[in-house]
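Undergrad: let me see the structure of the following:
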Amino acid sequence: MHPDLTPDMPRSELHERLHDHNWDDGVALPQAVLDHANCDLPLALDAFWLADAYEALLGGIETTPFNAERLAFGRELAQRILAGHYPRTMTGFHPPLSRVQRYTFAKLGLPSIFLDDIPRAE
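TA: Next comes the predicted model:
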């Protein structure tokens, strides 16, 4: 467990830690958030977009010593999301994309799970 997280940390705190994270500091904290028992699909999708993980999933980015860790993180995260690793909860999610961006990513082959809204359960 990452020293900034606790086993009983609620999802809302995990969300806050993920959004406060400086990605230049590496992926240890985001990975710990994604491995946490309270991480759900909307939080994993949030991490996907925060990490620009679509680059790893769609390819076309050359791996260098400077981006290798982030690309590996993105590939693993995308695989876990596609495999159904994260539970759907009552929390909603709206990808941070315009209509044009959604269309463009869909044309590039990004699976719909990354592009579609998850409505919040009332």
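Undergrad: so, low pLDDT: which residues of the protein?
TA: By pLDDT under 70, the low-scoring segments of the chain are 122.
Undergrad: now for the biggest helix by length in it, which elements pack on it?
TA: Using DSSP state H to define each element, the chain has its longest helix at helix 68-82. Identification of packing neighbours for helix 68-82 by 3 or more Cβ pairs under 8 Å, 6 or more residues apart in numbering; DSSP states H and E yields helix 28-35, helix 41-50, helix 54-58. Quick note: C-beta positions are derived from backbone N, CA and C, even for glycine.
Undergrad: of all those, which lies closest to Pro87?
TA: helix 41-50 (6.4 Å; Cβ to Cβ).
Undergrad: mind listing what's buried along that closest one?
TA: For helix 41-50, a neighbour-count test (16 or more other Cβ atoms under 10 Å) marks 41-48 as buried.
Undergrad: check the offset of that helix from the chain's centre.
TA: A distance of 3 Å separates the centroid of the chain from that of helix 41-50, by Cα atoms, centre = their mean, to the nearest Å.
Undergrad: who's in contact with that helix?
TA: Helix 41-50 has contacts (Cβ atoms under 8 Å, 6 or more residues apart in numbering) with 11, 14-15, 18-19, 21, 23, 30, 33-34, 53-54, 74, 77-78, 80-81, 85-89, 91-93, 95-97, 113-114, 118.
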